[in-house]
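>>> Provided below are the primary sequence and the corresponding predicted coordinates.
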Amino acid sequence: LRRPVGQRGWWPTSMGVGSGEAAADSEVDSDATPTQLRAIECMDRIVEGAWGAMFDDGEDVMELLLSLETHAGDATRKQALIAMRCCVELDAACLDPQLEEVLGCVVRLTASPSREVAIEGCEFWLALLETPPSQHVLAVLAPHFVELLPTLIGLTRYTDEMLEVGPDGNARELAEDDAAHADEDGSDRDTDEEDGDGANPWPDSWTVRKAAAASIDKLAVAFGDDSGIPSSFLDIALHVLEESLQSNEWVVVESSILVIGAIAKGCEVGLNANTPVLIRMLVDQLADHPQSLVRQIVAWTLSRLSSWIMDPVNVIIDTVLTTIMKLIDDDVMPVRGAASSALSTLLEHGSDAVEVFQPFIASIVEHMAIALSRGAEEDCLDVMVDVLGTLAEEGHLKGHALLGNHVLGILMGQWRGFDAHSRNHKSLFVIMDTVATTVASIGVDCLPNAREIHDNAVAIFEAAHKSDNAQDLDERDVSALVCVIDLLSSLAEGLGHDEAEPILSGAEVIDAVIRIASFPDNPSDLLRSAYAMIGDYARVCFPAVEPHALDVIPHIMATVARPHPAGASLTQNGVWTLGILATQIGEEFEPFVDSLLPVLCKHMGGSCTQQMKATVATVIGRLAAIFPARISPTIVENNEFSFAGWVASIPCEATESMFAVHGLHRMASDDPDVFIPLFTANANDILRVVAAFSEDDLTKHPELSREVTDLCQWLKDELDEPDWIIAMANLELKQGPSA
């Protein structure tokens with residue numbers, strides 16, 4: 001690297017390389033020899049593997065890299081930026097001795113006319129800001145905003161080379177051009193880096209435009225609302241945007257809208273004073289812009305402003321929703337996709353969104369039905385279908401049987417466009433996943449569509465299921481099996497006991513799934529889904545599972561008994577399914593109790609998640625209801641088991657709590673001297689469990705009603721009156737007057 005540019009004879013003769021070879025190597029151009037470029041590439045590799053050793057040798061690597069800014073060509077500058085980024089990714093402290101010089105150098109190189117150099121400059125900023133930098137780094141960087149921000153904003157603008165203009169004057173982005181650049185400079189990046197907020201306004205390749213916008217986003221977070229660093233970031237950004245939003249050039253306006261979206265998350269509070277004006281500009285003027293790329297970026301930016309839009313204080317949701325619906329009806333497919341994704345983002349705003357959107361749900365479904373009927377390419381189809389999935393997942397369809405079935409009808413119409421041999425098509429997976437979510441949301445109301453859903457799913461399962469051992473299957477078929485099994489599980493759960501058996505009992509698919517579950521080396525996601533389906537089928541359609549139930553139990557127990565690299569979710573599904581099988585099999589499960597109970601106690605006393613503990617607690621309750629005499633000694637004598645921890649982990653959910661109450665009551669009935677004092681010591685949690693049941697639950701289950709009454713009476717008899725009053729007050733405080 002220290003060799004002056006143009007000097008001949010790179011290698012000393014002692015290296016065994018002839019002068020002729022060296023001369024040939026150095027006569028390429030005046031920017032850098034191929035050997036210089038190889039030297040920097042070599043340094044990148046050394047940085048990755050032995051950064052400390054380079055400095056131990058006294059090599060001032062950063063000074064060498066900085067020197068390349070002024071006397072090297074674009075290829076070398078690009079490679080030098082890559083090397084700097086590698087250093088930052090490994091240890092940002094390496095910048096400290098020359099921090100001011102490095103940041104200034106990268107600011108200047110980011111402004112390079114070469115897009116390949118500029119994108120590497122953006123990559124450096126992304127690496128520097130990937131984890132929160134030190135206050136010192138931010139303080140040194142802040143004064144550079146005057147140069148850096150206008151540069152980054154300029155890089156977000158389309159150039160003529162990036163666009164193709166149609167006969168109607170409407171422009172579209174040429175993804176192929178930027179994809180080639182991304183491949184050349186090794187910067188192909190995941191395009192979902194915007195935290196899932198709204199539609200991706202860029203094509204799938206990683207471009208200098210996207211890299212610049214992502215850099216602005218990271219800077220907005222680093223210097224935004226929560227940074228505590230005084231800086232001119234937002235002032236400079238707004239000053240540039242104020243002028244550019246008034247431009248007569250649509251590419252300047254479009255990039256300005258993009259930048260608003262990029263800074264929206266990090267500077268949400270700082271933008272508050274400007275947000276109403278910006279949103280009005282987006283919905284009143286720019287959403288009708290003649291250029292489709294402008295309309296597309298308007299949709300994305302509205303999604304980035306979703307927190308402000310969904311705040312009821314701002315009373316803007318009706319206006320924004322009308323605009324998004326208009327964009328969903330747009331003639332240009334990418335605009336429809338961007339608007340659909342923006343709508344999904346708004347729908348995801350929790351319980352408040354359910355109430356806000358109720359008057360609009362029917363209209364949203366109709367708009368999506370029309371948009372999907374017009375056809376769409378894969379990515380656009382996926383985001384449109386995702387709107388329907390979000391409606392279901394966020395609870396917008398609950399209590400709307402007709403509307404829920406209308407959604408299923410739309411989805412099944414899309415599904416009919418694929419046959420069983422299309423099972424590996426990504427969009428089909430999205431459709432099946434959305435059908436599963438919708439079925440889970442509307443429950444038994446899915447019955448009018450249930451037969452078609454079941455038969456279509458079974459056809460795909462049969463096409464993908466060439467072997468019970470996933471080692472004999474390709475990865476795509478395994479993914480198809482997981483998707484279908486999850487859908488059939490949701491269908492079983494949604495239909496419930498009364499409606500499931502006529503639809504589910506005739507197919508052989510459950511037999512195949514049980515065989516899949518018997519191969520412990522099958523992929524964890526396949527086993528996890530298989531266990532869940534066995535449990536769901538056993539719960540609502542046990543005759544379909546019964547012939548093989550005793551055979552699969554040892555395989556599931558072997559999985560839950562050993563640590564698994566897949567983590568808690570596989571173990572949790574296995575434990576839950578064993579609890580369901582125990583309840584359905586009854587006394588025949590007894591041979592497995594002594595082996596299973598220590599495993600459950602170990603999980604209960606371990607450091608697993610609260611969700612896992614809730615599942616284990618429920619299964620212990622199920623076992624106690626069937627085998628109280630076998631469970632009682634373990635609960636009392638096992639050092640790894642905590643009675644208090646057990647009852648505290650029982651979920652307040654009527655179906656699951658019911659079995660725990662059965663178990664508690666049976667053990668206390670058999671041995672009141674041991675268990676009633678335990679109940680008294682844990683009165684608050686016992687009352688929390690019994691309060692999970694509504695009056696309807698107790699009316700439907702007279703035995704449960706009697707057990708709940710007994711448990712409460714035992715507690716009241718054992719507690720002093722002041723303690724009982726306190727326990728009741730605590731219950732009301734935590735769970736409301738209805739408890």
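Nice, I can see it.

>>> only C-alpha atoms from now on, for both contacts and neighbour counts.
OK.

>>> low-confidence regions, the stretch 251-400 of the chain specifically.
350-352 (pLDDT under 70).

>>> now the helices for it?
Using DSSP state H, counting those that start in this stretch, the helices assigned to the stretch 251-400 of the chain run over residues 275-284, 292-304, 306-310, 317-328, 333-347, 350-357, 361-373, 378-393.

>>> show me which positions of the following helix or strand past the longest one end up buried.
Of the helices and strands lying after helix 378-393 in sequence (DSSP states H and E), the nearest is helix 401-415. Neighbour-count burial for helix 401-415 flags 401, 403-412, 414-415 (criterion: 16 or more other CA atoms under 10 Å).

>>> can you redo those as CSV with distance to Leu293 and pLDDT?
Converted to CSV, the buried residues of helix 401-415 look like this (distance: CA to CA, whole Å; pLDDT from 0 to 100):
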residue, distance to Leu293, pLDDT
Ala401, 38, 91
Leu403, 33, 93
Gly404, 33, 94
Asn405, 35, 94
His406, 32, 95
Val407, 30, 96
Leu408, 32, 96
Gly409, 32, 95
Ile410, 28, 95
Leu411, 28, 95
Met412, 31, 95
Gln414, 27, 93
Trp415, 30, 93
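
>>> the one helix or strand Glu499 maps to: what's the following helix or strand?
Taking DSSP H and E as the criterion, Glu499 maps to helix 475-504. Next helix or strand after helix 475-504 toward the C-terminus (DSSP H and E): helix 509-517.

>>> contact partners of that following helix?
458, 461-462, 468-469, 522, 527, 530-531, 533-534, 544-545, 548, 552, 555-556 (CA atoms under 8 Å, 6 or more residues apart in numbering).

>>> which helices and strands does the helix holding Glu499 pack with?
Applying 3 or more CA pairs under 8 Å, 6 or more residues apart in numbering; DSSP states H and E, one finds that helix 475-504 makes contact with helix 426-442, helix 447-464, helix 524-540.

>>> contacts only, for Val354.
Residues near Val354 by CA under 8 Å, 6+ apart: Leu347, Glu394, Gly395, His396.

>>> and of those, the nearest to Cys42?
Of all those, Leu347 has the smallest distance to Cys42: 49.6 Å, by CA to CA.

>>> list buried residues within the contacts of helix 509-517.
458, 461, 468-469, 522, 527, 530-531, 533-534, 544-545, 552, 555-556.

>>> and the host helix or strand of Gln584, what does it pack against?
Using DSSP H and E, Gln584 sits within helix 568-585. The contact analysis (3+ CA pairs under 8 Å, 6+ apart) places helix 568-585 against helix 524-540, helix 542-561, helix 610-626.

>>> any chance you could list what contacts that helix?
With CA under 8 Å, 6+ apart as the criterion, helix 568-585 contacts 524-525, 527-528, 531-532, 534-536, 538-539, 542, 549, 553, 556-557, 559-560, 564, 589, 608-609, 612, 615-616, 618-620, 622-623, 626.

>>> could you rerun that using 7 Å?
By CA atoms under 7 Å, 6 or more residues apart in numbering, the residues outside helix 568-585 that reach it are 524, 528, 531-532, 534-535, 538-539, 556, 559-560, 589, 612, 615-616, 619, 622.

>>> relative to Arg209, which of the helices and strands packed on helix 568-585 is closest?
Counting by CA to CA, Arg209 lies closest to helix 524-540 out of the helices and strands packed on helix 568-585; the figure is 36.9 Å.

>>> show me what that closest one is packed up against.
Counting contacts by 3 or more CA pairs under 7 Å, 6 or more residues apart in numbering; DSSP states H and E, helix 524-540 packs against helix 475-504, helix 509-517, helix 568-585.

>>> now mean pLDDT too, for those, in CSV please.
What follows is these, written out as CSV (pLDDT from 0 to 100):
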stretch, mean pLDDT
helix 475-504, 91
helix 509-517, 91
helix 568-585, 92
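
>>> I'd like those written out as JSON lines, with mean neighbour count and distance to Ser340 added.
Shown next, in JSON lines, are the helices and strands packed on helix 524-540 (neighbours: other CA atoms under 10 Å; distance: least, CA to CA, whole Å):
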{"stretch": "helix 475-504", "mean neighbour count": "21", "distance to Ser340": "23"}
{"stretch": "helix 509-517", "mean neighbour count": "20", "distance to Ser340": "35"}
{"stretch": "helix 568-585", "mean neighbour count": "22", "distance to Ser340": "32"}
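
>>> and those helices as JSON lines, adding distance to Ser255?
Formatted as JSON lines, the helices and strands packed on helix 524-540 follow (distance: least, CA to CA, whole Å):
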{"stretch": "helix 475-504", "distance to Ser255": "39"}
{"stretch": "helix 509-517", "distance to Ser255": "52"}
{"stretch": "helix 568-585", "distance to Ser255": "43"}
